[in-house]
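A.B. asks: Make a model of this:
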Amino acid sequence: MRAARALLGIDQKRLAELSGLSLPTIQRMEGSEGVIRGQVESLMKLVSALNLAGVELIGEGAASPDGGRGVRLVHRAP
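C.D. replies: Sure, this is the predicted structure:
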């Protein structure tokens with residue numbers, strides 16, 4: 001989550017606003033060790049907000065030139 005926020009140049013408060021989640025929920029999710037923990041509905045809101053903002057989440061084993069999990073900005077045609 002920190003990497004996604006860094007790519008977008010936003011803080012936790014802004015991510016909370018974009019996702020419709022509370023700031024404490026974002027803080028708790030971001031503070032999770034390893035896999036992000038949260039209710040499915042909250043996770044879906046978070047993923048949707050990041051996607052709409054232009055961040056692509058890269059899953060384990062997904063096509064990625066350097067391999068591994070991560071985030072990247074989505075290339076959109078002008």
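A.B. asks: quick one, longest helix in this structure?
C.D. replies: The longest helix of the chain (DSSP state H) is helix 40-53.
A.B. asks: Neighbours of Val40, how many?
C.D. replies: For Val40, the neighbour count with other C-beta atoms under 10 Å is 7. Quick note: C-beta positions are derived from backbone N, CA and C, even for glycine.
A.B. asks: how much space is there between it and Leu46?
C.D. replies: Distance, Val40 to Leu46, by C-beta to C-beta, to the nearest Å: 11 Å.
A.B. asks: and what of Ala3?
C.D. replies: Ala3 is 14 Å from Leu46, by C-beta to C-beta.
A.B. asks: With neighbour numbers in mind, choose between these two.
C.D. replies: For Ala3 versus Leu46, the count of surrounding residues by other C-beta under 10 Å is larger for Leu46: 25 against 12.
A.B. asks: leaving aside the residues next to it on the chain, what's closest to Met27?
C.D. replies: No, residue 27 isn't Met; it's Gln. Gln12 (6.0 Å; C-beta to C-beta, 6 or more residues apart in numbering).
A.B. asks: That neighbour: neighbouring residues, count only.
C.D. replies: There are 17 residues near Gln12, going by other C-beta under 10 Å.
A.B. asks: residue contacts, it?
C.D. replies: Arg5, Leu23, Ile26, Gln27, Glu30 (C-beta atoms under 8 Å, 6 or more residues apart in numbering).
A.B. asks: Am I right that the last one is in contact with Arg2?
C.D. replies: When you say that, I think you mean Glu30. Yes. Between Glu30 and Arg2 there is a contact under C-beta atoms under 8 Å: 6.4 Å.
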